[in-house]
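Undergrad: Provided below are the primary sequence and the corresponding predicted coordinates.
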Amino acid sequence: MINDSLKILILTLLTSFYNLNFIESKTLGDLTKQKPIEKLITMNGINGKEHYFSPNILNFKTGKLYKLKIKNVSDSKHYFSSENFSNSIFTRKVQVIQNNQKIAEVKGNIKEVEVFPNNTLEWWFVPVKTGEFYDLNCSVEDPKTKEKHSNMGMTGKIIIE
């Protein structure tokens, strides 16, 4: 037979475990309560020479809230385009930043974003589907070479685990 002290200990442990799981499941279940994981990608290049993303490989995990800061540090506008990535995330919002101030916010499905020189955009999203996507590119035409930026090196890979 189990003595009273052991019963109290077992009951206390079970209650603690239940309360911990209850609190954790409530927090994990409400994705709006997550603090965003910030990632930065820069759009780089010089017209007539080269164009590229840095980094050109991005990693994300399903169920996590991300704030992807897309910063154009080049002398040309650029697109951040990946159809497979766009189809594998839930976009919460896109914020347009100018002089460190939010000047616009877009909500809904986003397939591609365009960022002009010396500007930043924040894409808030939650990945909902895993995969490796090799279609990150910029299809803007270089004014000097007349080639697409993607043909000059502006491509990348996105991994969602």
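TA: Perfect, thanks for sending it. Numbers count the residues shown, from 1 in each chain.

Undergrad: all helices for the protein, in order.
TA: Assigned by DSSP state H, the helices in the chain fall at 4-29, 83-86.

Undergrad: looking at those, which one has the lowest mean pLDDT?
TA: Per-segment mean pLDDT for these reaches its minimum on helix 4-29, at a mean of 57.

Undergrad: burial of E112, as a residue count?
TA: 13 (other CB atoms under 10 Å). For every residue, glycine as well, the C-beta is placed using N, CA and C.

Undergrad: likewise for I110?
TA: If we define neighbours as other CB under 10 Å, then I110 has 15 of them.

Undergrad: need the contact list for the nearest residue to it once chain neighbours are set aside.
TA: Leaving out its chain neighbours, the residue that sits closest to I110 by CB to CB, 6 or more residues apart in numbering is T91, at 5.0 Å. Counting by CB atoms under 8 Å, 6 or more residues apart in numbering, T91 touches 107-110, 123-125.

Undergrad: and the two most separated of those residues?
TA: N109 and W124 (13.4 Å; CB to CB).

Undergrad: more neighbours, the two?
TA: More neighbours surround W124 than the other of N109 and W124, with 18 against 9 (other CB under 10 Å).

Undergrad: who is that one paired with across the strands?
TA: Beta-bridge pairing for W124 (DSSP bridges): K67, K93.

Undergrad: distance of E132 relative to K64?
TA: According to CB to CB, to the nearest Å, E132 and K64 sit 17 Å apart.

Undergrad: look at those two and report which has more neighbours.
TA: The neighbour count for E132 versus K64, taken as other CB under 10 Å, is higher for K64 (16 against 11).

Undergrad: so how many other residues sit close to T155?
TA: 19.

Undergrad: got phi/psi on the nearest residue to D142 once chain neighbours are set aside?
TA: For D142, ignoring the flanking residues on the chain, the nearest one in space by CB to CB, 6+ apart is N47 at 5.8 Å. Phi and psi for N47, reported as degrees, to the nearest 10, are phi -50, psi 140.

Undergrad: isn't N47 right next to P143, touching?
TA: Yes - with contact defined as CB atoms under 8 Å, N47 reaches P143; the gap is 5.7 Å.

Undergrad: quick one: common contacting residues for the two?
TA: Shared contacts of N47 and P143 (CB under 8 Å, 6+ apart): S76.

Undergrad: nothing else from me, thank you.
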